[in-house]
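Student: Quick one: sequence and predicted model below, then my questions.
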Amino acid sequence: MPMFFDPMMLLFLAPALLLSFGAQWMVKSAYDKMSRVRASMSGVQAARRILDSNGLHDVAIEQIPGQLSDHYDPRAKVLRLSPDVFQGNSMASVGIAAHEAGHAIQDAKRYAPLVVRNLAVPAANFGSSIGTIMLMVGMMMAFTALAPLGKYVFLAGIVAFGMTVAFQLVNLPVEFDASSRAKVELVNLGIVSGPELPYVSKVLNAAALTYVAATLQAVLTLAYYIFRFMQASSRN
């Protein structure tokens, strides 16, 4: 029974880990390259124009520390941008800022997958914290004399972690849709021209791969624990 390191888990997660490493490299490479391609305005200016053109004058924009820490807070109705995106006037900056503004538009329009994602946040947090602990404890118990009780704890952990997987699956269309909205807004508002759009797409497409990798990792992690649960059940 794997106590600390299980080669089988590495085997399950290998595709997701490889994709994750590749996606991170692509994001950094695309961001570095597109940071050197000038845009007509800064990230904060682009985000403000997109928000205002959609009637979202009440959505504030704040600068926060970190790199690529950009996000939209639907509870506070605030778009938060990292310094490089907030102040930068590059294709990378306006692309990322527009993506986050896309989330604000989704929120205003009550985009169904976003509504579901927001509602699923507490369950996803529970699944990734308490659920993970239950999985580890249940798996250890399932291979000992406490197997009858351990299997119930193990199964409860699988269900709890499944909430995290469901969150990741719902999150994918939310992120892809935000990028699609960003591209449309950037071109329609004249922030970038049609020929310049591929520059923005390089950054957004690379970022999208990170969400795909995270989802794949969650799915394969769940598959691993289901495999171990079935293995433990067959022993008893």
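Tutor: Perfect, I can see it now. Everything numeric in this text was worked out from a predicted model, so none of it was measured.

Student: which residue is nearest the centroid of the protein?
Tutor: The centre of the chain sits closest to Tyr211, judged by CA atoms, centre = their mean, with a distance of 4.6 Å.

Student: roughly how far apart are that residue and Val137?
Tutor: 30 Å (CB to CB, to the nearest Å). Backbone N, C-alpha and C define where each C-beta goes, glycine included.

Student: for the nearest residue to Arg36 once chain neighbours are set aside, phi and psi?
Tutor: Nearest residue to Arg36 in three dimensions, chain neighbours excluded: Ser90, at 6.8 Å (CB to CB, 6 or more residues apart in numbering). Dihedral pair for Ser90: phi -120, psi 170, per degrees, to the nearest 10.

Student: Next, the buried residues of the helix or strand in which the residue nearest to the centre of the chain is found.
Tutor: Tyr211 belongs to helix 197-234 when assigned by DSSP states H and E. Along helix 197-234, these residues count as buried under the neighbour rule (16 or more other CB atoms under 10 Å): 197, 199-218, 220-222, 224-225, 228-229, 232.

Student: Packing partners of that helix?
Tutor: Counting contacts by 3 or more CB pairs under 8 Å, 6 or more residues apart in numbering; DSSP states H and E, helix 197-234 packs against helix 7-34, helix 91-108, helix 112-142, helix 147-188.

Student: As JSON lines, those helices with mean pLDDT would be great.
Tutor: Below are the helices and strands packed on helix 197-234 laid out as JSON lines (pLDDT from 0 to 100):
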{"stretch": "helix 7-34", "mean pLDDT": "89"}
{"stretch": "helix 91-108", "mean pLDDT": "96"}
{"stretch": "helix 112-142", "mean pLDDT": "88"}
{"stretch": "helix 147-188", "mean pLDDT": "93"}
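
Student: Return the most buried member of those helices.
Tutor: helix 91-108 (a mean of 26; mean count of other CB atoms under 10 Å).

Student: how far is it from where the chain is centred?
Tutor: Taking CA atoms, centre = their mean, to the nearest Å, the mean C-alpha location of helix 91-108 is offset from the chain mean by 14 Å.

Student: With stretch 9-20 instead?
Tutor: With CA atoms, centre = their mean, you get 17 Å for stretch 9-20.
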